[in-house]
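1. below are the sequence and a predicted model for it; my questions follow.
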Amino acid sequence: MTVIPHWLDNKPFTGTNGTSAPVTNPATGAVTAEVALASTDDARTVIEAAAAAFPAWRDTSIAKRTQILFSFRELLNARKQELAAIITSEHGKVLSDALGEVSRGQEVVEFACGIAHLLKGGMTENASTKVDMASIRQPIGPVGIISPFNFPAMVPMWFFPIAIAAGNTVVLKPSEKVPTAALWIAELWSEAGLPAGVFNVLQGDKTAVDELLTNPAIKAISFVGSTPIAKYVYETATAHSKRVQALGGAKNHAVVLPDADLDLAADAMVNAGFGSAGERCMAISALVAVGDIADELVAKIKDRTLSLKTGDGTKDSDMGPLVSKAHRDKVSSYIDAGEAAGATVVVDGRSVQADGGSDGFWLGPTLLDHVTTDMSVYTDEIFGPVLSVVRVGTYDEALELINSNPYGNGTAIFTNDGGAARRFQNEVEVGMVGVNVPIPVPTAYYSFGGWKNSLFGDTHAHGTEGVHFFTRGKVVTTRWLDPNHGGINLGFPQND
Ligand code: NAD
């Protein structure tokens, strides 16, 4: 069985402890490889490579760094089908969706190609008499990126293009469920001419993560994953004096007002509820139907849901399998619990006939109506193809539901009333808001991030916040004395 290795100094590194975990193809259930799980010593070896490469990379000209970024972008653009195929084989999402994820990641590479402009500082002449002041931003050092299973390429790409462009070196710890995409990306960097040690991959689990969080050589951590781990990562890494952005889980609501275009809303609910089998942190899992539209809206969503084809992501399917058997069983048990608690199962994904291997991790799209806020299917992040309809009477009740939820990643409102939409965007306590847009993922030049338990730390991913995160500011105050300088003066300088 192939063992998927780590990557350091532009070459594979198998590690020293011989521990590994199985990697599966979710559409067949077959184990396709093993992934190396780093020991603490392995993690230190990879971190040391990143630390050793930092001084030279930091001093590499912006012109040269940008050239390498452009080369990486060209290679990625030309070969992204390969990466998409790897994602589908380990995650299960359909190929078109995998390609979409790579393209969204590529947008951040393109944003980072403009790093010369983004790193420009400011300069003030004569801040005091003959004293000039300049602000500059400098890289912070080796940084750790820890990513979840659901976006093996896009989530790491939220961070590393900007980190590298700004002069930092990187250790990427991908999810052990989807380890190959990171290695493919590492090889591409090497082909693009990135010097050894600037981009490294550390495969593994908690042992690898803990070393990244505590090793003094690592100066910053960008984490994306579930809320309990995000909180742990934030608390541990900040206690070790690192800057941290830790993006957590989500429970995203879409509000449909009575005046909305119900066909548009129904299409949007199906796309946002069941795309990537609901394994997206921006998936809509709670539909809040306001007023008397619920019956009509549920009927429209039901029709559309029944037309979806669940199957192998390499075939002509709308939706692939879930990432693992354990996860599929867990999601399925939430449907059981919802039904037992009184929810109406309008479309039941538990009985799906999937076009794929008999041992694949299948669960079809599921629509639950009359869900109430005390049911676990509503309170918990399910991270599967389950859309729950909660019926409320008024806009205020809908808003209260969202604002009292512990998560605050994404939300959307469907309405034709501009005033209502404007009020919603102003009042809702969520980091990313869509108006008639179900998955409002910001483009690379804006920043991605939620509020409340969906993000620990105060800096969102990519955009100018990303540049800020991967650099630190310095202000230089300069006086060049001319021959007429005023001699000794022990007083505090006056601003004159
Ligand atoms: P996860 O929290 O289980 O794993 C994320 C990363 O943390 C992985 O690399 C994993 O190896 C590591 N990890 C897991 N357990 C750990 C532990 N005890 N100690 C240290 N490290 C540990 O998340 P997942 O299941 O891979 O991904 C799904 C979750 O990610 C969902 O909750 C989803 O909402 C969230 N997510 C959030 C965003 C966002 O932008 N907010 C984006 C994508 C995914």
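-> Received the coordinates, thanks. Residues are numbered from 1 along each chain as shown.
2. other SSEs contacting the lengthiest helix in the chain?
-> Taking DSSP state H as the assignment, the helix of the chain that covers the most residues is helix 62-91. Applying 3 or more C-beta pairs under 8 Å, 6 or more residues apart in numbering; DSSP states H and E, we find helix 62-91 packed against strand 20-25, helix 95-112, helix 115-118, helix 154-165, helix 180-192. Using the backbone N, CA and C atoms, a C-beta is placed for each residue, glycine as well.
3. contacts for the shortest one?
-> So that's helix 115-118. Outside helix 115-118, the residues that touch it by C-beta atoms under 8 Å, 6 or more residues apart in numbering are 62-63, 65-66, 69, 162, 165-166, 464, 467.
4. related to what we said a few turns ago, out of the helices and strands packed on helix 62-91, which is the most enclosed?
-> With neighbours defined by mean count of other C-beta atoms under 10 Å, none of these is more surrounded on average than helix 154-165, at a mean of 27.
5. list the contacts of that helix.
-> Applying C-beta under 8 Å, 6+ apart, the external contacts of helix 154-165 come out as 57, 65-66, 69, 72, 101-102, 104-106, 108-109, 111-113, 115, 143, 145, 147-148, 170, 172, 174, 181-182, 185, 194, 198-199, 222, 224, 448, 461-462, 466-467, 470.
6. average model confidence for that helix?
-> Here helix 154-165 scores 99 as its mean pLDDT.
7. equivalent analysis for stretch 249-262, please.
-> Stretch 249-262 carries an average pLDDT of 98.
8. re the thing from before, next, the angle from the longest helix of the chain to helix 154-165.
-> Compare the direction of helix 62-91 with that of helix 154-165 by axes from the mean of the first three to the mean of the last three C-alpha atoms, to 10 degrees and you get 160 degrees.
9. pull out the buried residues from helix 62-91.
-> Judged by neighbour count using 16 or more other C-beta atoms under 10 Å, the buried positions of helix 62-91 are 65-66, 68-69, 71-73, 76, 80, 83-84, 86-91.
10. get me the contact residues on the stretch 351-496 of the chain for the ligand.
-> Counting by C-beta under 6 Å from any ligand atom, the stretch 351-496 of the chain comes close to the ligand at 381, 383, 409, 450, 454.
11. show me the contacts for residue 465.
-> For residue 465, the set of contacting residues under the criterion of C-beta under 8 Å, 6+ apart consists of 447, 449, 459.
12. quick check: the second one vs residue 282, distance?
-> Just to be clear, that refers to residue 449. Between residue 449 and residue 282 the computed distance is 11 Å (C-beta to C-beta, to the nearest Å).
13. please enumerate the shared neighbours of these two.
-> Contact criterion C-beta under 8 Å, 6+ apart; residues shared by residue 449 and residue 282: residue 432.
14. so what's whichever residue of the stretch 1-150 of the chain sits closest to the ligand up against?
-> When distances are taken as C-beta to the nearest ligand atom, the stretch 1-150 of the chain reaches nearest to the ligand at residue 148, 3.0 Å away. Taking C-beta under 8 Å, 6+ apart as the definition of contact, the neighbours of residue 148 are 155, 175, 224-226.
15. using the three-state scheme, assign it.
-> Reduced to three states with DSSP: H, G, I helix; E, B strand; the rest coil, the structure at residue 148 is coil.
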